[in-house]
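Enquirer: Here is the input, now give the coordinates:
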Amino acid sequence: MKVLVIGGAGYIGSHVVKELMKNNHSVTVFDNLSSGLLQNLFPENDFIAGNILYKEDLEKAFSRGFDAFIHLAAFKAAGESMVSPEKYSVNNITGTLNILNTACEHKCLNMVFSSSAAIFGEPQYLPIDEDHPKNPENYYGFTKLEIERFMAWYDQLRGLKYASLRYFNAAGYDVDGVLTGLEQNPANLLPIIMETACGMRKEMKVFGTDYETEDGTCIRDYVHVTDLASAHVKALEYITKNSESITVNLGSGKGLSVFEMINTARKITGRAIPSINVERRAGDPACLYAVSEKAKKLLDWETKYSDADTLIRTTWNVYNKK
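Expert: Presented below is the predicted three-dimensional model:
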């Protein structure tokens, strides 16, 4: 297939591009490089420098003719979305509507969307499945949920077939060691652990050690980025073959605590990784993890690299070289 990857120079996007190439798809990357990196591009792929807010940029891309597209160009910092909702409205909502409208005009009617488990909000039960109530607690999660609703309407009215992939924490790096571009301004746990191991940070903070978990720290669902990339490609192939829209959770089915991640990192890196225990952050639930039985059934997908050792080892390989 001829596939346009919007946001293909980013952290997750570049891994998706690599997986598409591995499965013999022809790839064009569309990216404004606000967080993506030129070093994440492959010489075999065409690259279009463009912005999803500019209709003329999207016209230039979709006019080339594609069988499908993958949308990974949303802003994703939950905390920032609560402070700057306008930024997230314009990029995530307006930008996505620009993409949908342009794609439909050019009859490119197969789409994979990087959604988020942030649409669920505080868990009412665990593990979280696709039918869990949707009540996002941050504006970022709200924008992702609205995009899912837009896609459902475009399916009904324009024949757009989509796969919406909901996942929590993308982590790790390319298991083959090919992609080594560091994520820009990371706010997630594992990059912060790595920055502390490297000495870029004097110490790291552990937000809350009095949760009702085995070691008192929060438990989160981490999915290796190579596993996520595989799911994007499998989902694309499913919707094009079956002409059917799907929405699936992508999770490990279990979680890892903050202390588990830190202690595993100390073992693998051989570094002290100084940490201090501080108060809980508002809105941080004790446990979040998803079940992916639907993805396994429909896509024959399950995690291969999402254990703590592989997550940390592949990330340390990149940070240690840098």
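Enquirer: Show me where this protein has its strands.
Expert: In the chain, the strands defined using DSSP state E lie at 2-6, 26-31, 46-49, 68-71, 110-114, 161-167, 169-171, 204-207, 219-220, 222-224, 246-250, 256-257, 275-278.
Enquirer: Listing partners with orientation, what would you give for the second one?
Expert: Translated: strand 26-31. Paired strands of strand 26-31, with direction, are strand 2-6 (parallel), strand 46-49 (parallel) (DSSP bridges).
Enquirer: got it, and the fifth one?
Expert: Under the criterion DSSP bridges, strand 110-114 sits next to strand 68-71 (parallel), strand 161-167 (parallel) in its sheet.
Enquirer: Quick one: those as TSV, columns for distance to residue 267 too.
Expert: To be clear about C-beta, it is placed using only N, CA and C from the backbone, and glycine gets the same treatment. Formatted as TSV, those follow (distance: least, CB to CB, whole Å):
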stretch	distance to residue 267
strand 68-71	36
strand 161-167	26
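Enquirer: got these as JSON lines, with mean neighbour count and distance to residue 296 columns?
Expert: As requested, those are exported to JSON lines (neighbours: other CB atoms under 10 Å; distance: least, CB to CB, whole Å):
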{"stretch": "strand 68-71", "mean neighbour count": "26", "distance to residue 296": "21"}
{"stretch": "strand 161-167", "mean neighbour count": "25", "distance to residue 296": "14"}
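Enquirer: Let me have the strands of the chain in a markdown table, adding mean pLDDT as columns.
Expert: A markdown table is the format used below for those (pLDDT from 0 to 100):
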| stretch | mean pLDDT |
| --- | --- |
| strand 2-6 | 98 |
| strand 26-31 | 98 |
| strand 46-49 | 98 |
| strand 68-71 | 98 |
| strand 110-114 | 98 |
| strand 161-167 | 97 |
| strand 169-171 | 94 |
| strand 204-207 | 96 |
| strand 219-220 | 94 |
| strand 222-224 | 97 |
| strand 246-250 | 98 |
| strand 256-257 | 97 |
| strand 275-278 | 97 |
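Enquirer: Could you say which one of these comes nearest to residue 13?
Expert: strand 2-6 (5.8 Å; CB to CB).
Enquirer: sorry, back to before: which stretch among the strands of the chain comes nearest residue 300?
Expert: Among the strands of the chain, if distance is taken as CB to CB, the winner is strand 246-250, at 11.9 Å.
Enquirer: could you give the angle of the closest one to strand 110-114?
Expert: Angle, strand 246-250 to strand 110-114, by axes from the mean of the first three to the mean of the last three CA atoms, to 10 degrees: 30 degrees.
Enquirer: Neighbouring strands - and their directions - for strand 246-250?
Expert: According to DSSP bridges, strand 246-250 has these partners: strand 161-167 (parallel).
Enquirer: could I get the strands of the chain as a markdown table with distance to residue 122?
Expert: Shown next, in a markdown table, are the strands of the chain (distance: least, CB to CB, whole Å):
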| stretch | distance to residue 122 |
| --- | --- |
| strand 2-6 | 31 |
| strand 26-31 | 34 |
| strand 46-49 | 40 |
| strand 68-71 | 27 |
| strand 110-114 | 22 |
| strand 161-167 | 16 |
| strand 169-171 | 17 |
| strand 204-207 | 16 |
| strand 219-220 | 14 |
| strand 222-224 | 19 |
| strand 246-250 | 16 |
| strand 256-257 | 18 |
| strand 275-278 | 22 |
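Enquirer: out of the strands paired with strand 110-114, nearest to residue 115?
Expert: strand 161-167 (4.6 Å).
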